[in-house]
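>>> turn this into a structure:
(one chain, ligands or ions: 1)
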Amino acid sequence: MESKCKVIIVCGFLGSGKTTLIEGILKAPSLGDRKIGVIQNEYSDQMGMEGALMKDASGNDIEDFYEMPNGCICCSGKGDLINTLDTLLSKKHLDYVLVEMNGLADPSQIVQTFWVDDGLGSMVILHQTIALVDVGSFGRKLASSKVIEAVESTKGLGSGVYFEEQASGKEYSERDLLLRQLVYADKILLNKIDLIPSSTFEQTLSEVRDLITQVNPTAELHESTYSHADLDFLIDKSDTAIKPSPPPHTHSHDCSHSCTHIHLPDIQSIFLDFGASLFDLQQLERCLGELLWEQPNSMGATIMRCKGTLNANDGCNYMLQGVEEVFEVKRVEGVSTNTKLLFIGRGIDRHALFKVLQSCVLV
Ligand SMILES: Nc1nc2c(ncn2[C@@H]2O[C@H](COP(=O)(O)OP(=O)(O)OP(=O)(O)O)[C@@H](O)[C@H]2O)c(=O)[nH]1
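This is a model prediction of the structure:
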């Protein structure tokens, strides 16, 4: 009899390194002949770029990649995720499926789905949940006096009270969401430690470790850069004994009508398609600097995350990756696509943003 497919949920806030983690696992030579599928929950149904960049150790495309666009699998989880798993597993046996949640999703519904759904148990098993934390920004977001308050606000997770809150489609504060993404994790990567200034390195890490341990005392913590960790830690080793108990009652909840797809009240996700336009790279980098280095910027917007693909004046394709004020525009090979950019943040005027970026297009 074939063994069950092991599902690994990958969660974490915007830009914390989830895709980087999955790319690293897929490329790891020590993966051998284990078969892995990927389900990625994107913010926009028009992005569809990260699949093309996912390669195995030999540089081949990943066959079993599936994008669940424009949605929140934490809301439509029971339906969409299960259907997608069905589709993937009906083609062939997979040893693992990595499910990347979007950066604004609360993973608790999905995790609980696996705990309580017997039908699911027959073909797949939840192996573990890995959460990514961008240590520098996590520390900043939860720093100082807010720490106690934030930890207090997670009390009751896993209890009936928490379930009821979710059923009413409750929107979270950014701080709550950050912490909720950690509560169900078996393993937590303290990522981007290269970005912590050396003068505050030890202190920052110790504060973040301390806070995370209060929220989730049983998770295994691992410090990383570019989401790197041994495969043994990431996918092989799993200690089911340390998983928290399922909640006391099974509350089935179809929240497609009541939940917003993004659990933060005022966050916008703006998708811009510039077609085959060619961008002046230097001009674009100047514009991005102006948009990202000061938050809120001169347009009054706070941009938390931006990413996309673009065509440049040198005839090459590039990928934009930005997390808060840090961004890079990196050349990519083997991907031919139009310019599609996604911006997530607060107070963004779509038209004004389009105009600024349009000014970087060659005429
Ligand atoms: N300096 C630094 N950059 C990192 C590290 N890990 C990831 N990045 C970069 O951070 C950016 C975002 O990484 P992703 O892996 O796309 O993050 P994500 O969590 O999948 O992003 P969303 O899906 O948009 O939430 C990329 O430019 C990565 O190269 C790290 O440890 N250090």
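
>>> residue 130 contacts residue 186, correct?
Yes: here residue 130 lies in contact with residue 186, judged by C-beta atoms under 8 Å, at a distance of 7.2 Å. From N, CA and C alone the C-beta is placed, and that goes for glycine too.

>>> which residue ranges of the stretch 251-363 of the chain form strands?
Taking DSSP state E, counting those that start in this stretch as the criterion, the stretch 251-363 of the chain contains strands spanning 268-275, 302-311, 317-323, 326-332, 339-346.

>>> quick revisit: between residue 130 and residue 186, who's got more neighbours?
Neighbours were tallied for residue 130 and for residue 186 using other C-beta atoms under 10 Å; the higher tally belongs to residue 130 (28 against 24).

>>> and the one helix or strand the more buried one maps to, what does it pack against?
Under DSSP states H and E, the secondary-structure element containing residue 130 is strand 124-134. Here strand 124-134 touches strand 5-12, helix 18-27, helix 108-116, helix 174-183, strand 187-191, going by 3 or more C-beta pairs under 8 Å, 6 or more residues apart in numbering; DSSP states H and E.

>>> who wins for proximity to the ligand among these?
Taking C-beta to the nearest ligand atom as the criterion, the ligand comes closest to helix 18-27 out of the helices and strands packed on strand 124-134, the separation being 3.4 Å.

>>> now do that closest one: which elements does it pack against?
Contacts of helix 18-27 with other secondary structure elements, assessed using 3+ C-beta pairs under 8 Å, 6+ apart, are made with strand 5-12, strand 36-41, strand 96-100, strand 124-134.

>>> now with 10 Å, please.
Helix 18-27 makes packing contacts with strand 5-12, strand 36-41, helix 50-53, strand 96-100, strand 124-134, strand 187-191 when contacts are defined by 3 or more C-beta pairs under 10 Å, 6 or more residues apart in numbering; DSSP states H and E.

>>> for residue 277, what are phi and psi?
Reported as degrees, to the nearest 10, the phi and psi values for residue 277 are phi -60, psi 150.

>>> then residue 230?
phi -60, psi 140.

>>> separation between the closest residue to the ligand within the stretch 1-150 of the chain and residue 233?
When distances are taken as C-beta to the nearest ligand atom, the stretch 1-150 of the chain approaches the ligand most closely through residue 103, which lies 2.9 Å from it. For residue 103, the distance to residue 233 under the criterion C-beta to C-beta, to the nearest Å works out to 22 Å.

>>> compare the two (neighbour count), which wins?
When residue 103 is set against residue 233 and neighbours are counted by other C-beta under 10 Å, the residue ahead is residue 103, at 24 against 14.

>>> identify the residues contacting the more buried one.
When the contact criterion is C-beta atoms under 10 Å, 6 or more residues apart in numbering, the partners of residue 103 are 11-16, 18-19, 41, 43, 132, 134, 177, 181, 262, 304-305, 323, 344.

>>> quick check: ChimeraX command selecting the buried ones in these.
Selection command for ChimeraX covering only the buried members of the contacts of residue 103, criterion 16 or more other C-beta atoms under 10 Å:
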select :11,12,13,14,15,16,18,19,41,43,132,134,177,181,262,304,305,323,344
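
>>> contacts with the ligand among the contacts of residue 103, please.
The subset of the contacts of residue 103 within reach of the ligand, by C-beta under 6 Å from any ligand atom, is 12, 14, 15, 16, 18, 19, 305, 323.

>>> for the second one, give me phi and psi.
Summarising the backbone geometry of residue 14 under the convention degrees, to the nearest 10, its torsions are phi -40, psi 120.

>>> which one is it nearest to, not counting chain neighbours?
Spatially, and ignoring its direct neighbours in sequence, residue 14 is nearest to residue 103 (3.6 Å; C-beta to C-beta, 6 or more residues apart in numbering).

>>> hang on, that neighbour in a strand?
No: with the criterion set as DSSP: H, G, I helix; E, B strand; the rest coil, the secondary structure at residue 103 is coil rather than a strand.

>>> please report phi then psi for it.
Per-residue torsions, residue 103: phi -70, psi -10 (degrees, to the nearest 10).

>>> and it, what's its pLDDT?
Residue 103 carries a pLDDT value of 87.

>>> look up how far residue 342 lies from it.
Shown here: residue 103 relative to residue 342, a distance of 11 Å by C-beta to C-beta.

>>> swap in residue 187?
The separation that residue 187 has from residue 342, given C-beta to C-beta, amounts to 28 Å.

>>> my read: residue 340 touches residue 310, true?
Yes: the pair residue 340 / residue 310 is scored as a contact, 8.0 Å apart, by C-beta atoms under 10 Å.

>>> looking at the two, which one has more neighbours?
Between residue 340 and residue 310, counted using other C-beta under 10 Å, the more crowded position is residue 310 (25 against 20).

>>> tell me the contacts of the more buried one?
Residue 310 is in contact with 274, 277-279, 281, 284, 316-320, 329, 332, 337-341, 357, 360-361, counting by C-beta under 10 Å, 6+ apart.

>>> any of those buried? List them.
Buried by 16+ other C-beta under 10 Å: 274, 277-279, 281, 284, 317-320, 329, 332, 337, 339-341, 357, 360-361, out of those.
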